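# Would you be able to build a 3D model of this:
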Amino acid sequence: MDQPLIAAHEPKLVLLKEGEPRYWCACGRSDTQPFCDGSHKGTTDITPLLFTAEDAGEKALCMCKQTKTPPYCDGTHNNLKP
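Coordinates of the predicted model:
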């Protein structure tokens with residue numbers, strides 16, 4: 001299985017709308033981080049994660065792709081080597 005690329009060493013704050021489905025980039029290759037732009041196709045077996053925000057507001061989405069709570073940041077980036 002392929003390993004995701006680290007898109008950044010800190011989360012990205014994004015404004016989410018309640019009930020709006022989004023695809024979170026799990027491979028780290030998307031140019032529209034933290035959301036998927038299809039860059040995984042033909043390059044990796046990692047697929048995006050479809051999620052729906054349970055409530056509206058600004059949320060910290062994982063950019064290191066190592067979180068245990070995808071797509072949300074759990075602080076794992078703090079333990080990664082630069």
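# Strands along the protein, start to end?
Taking DSSP state E as the criterion, the chain contains strands spanning 12-16, 21-24, 49-52, 57-61.
# out of those, which comes closest to Cys36?
For Cys36, the closest of these is strand 21-24, at 4.1 Å, according to CB to CB. From N, CA and C alone the C-beta is placed, and that goes for glycine too.
# what packs against that closest one?
Counting contacts by 3 or more CB pairs under 8 Å, 6 or more residues apart in numbering; DSSP states H and E, strand 21-24 packs against strand 49-52.
# Direction included, what does the strand it packs on pair against?
Sheet pairing of strand 49-52 (DSSP bridges) gives strand 21-24 (antiparallel).
# Mind listing what's buried along the strand it pairs with?
Across strand 21-24, burial judged by 16 or more other CB atoms under 10 Å covers 22-24.
# Return the closest of those residues with respect to Thr76.
Nearest to Thr76 among the buried residues of strand 21-24, with distances taken as CB to CB, is Trp24, at 14.8 Å.
# Format the strands of the chain as a markdown table; extra columns: mean pLDDT.
Output for the strands of the chain, formatted as a markdown table (pLDDT from 0 to 100):
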| stretch | mean pLDDT |
| --- | --- |
| strand 12-16 | 98 |
| strand 21-24 | 98 |
| strand 49-52 | 98 |
| strand 57-61 | 98 |
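# Gly38: which of those is closest?
Ranking the strands of the chain by proximity to Gly38 (CB to CB) places strand 21-24 first, at 9.2 Å.
# Give me the contact list for the closest one.
16, 34-36, 48-53, 61-62, 70-71 (CB atoms under 8 Å, 6 or more residues apart in numbering).
# Repeat that for stretch 3-17.
For stretch 3-17, the external contacting residues (CB under 8 Å, 6+ apart) are 22, 25-30, 33-34, 46, 53, 56-66, 73, 77, 80, 82.
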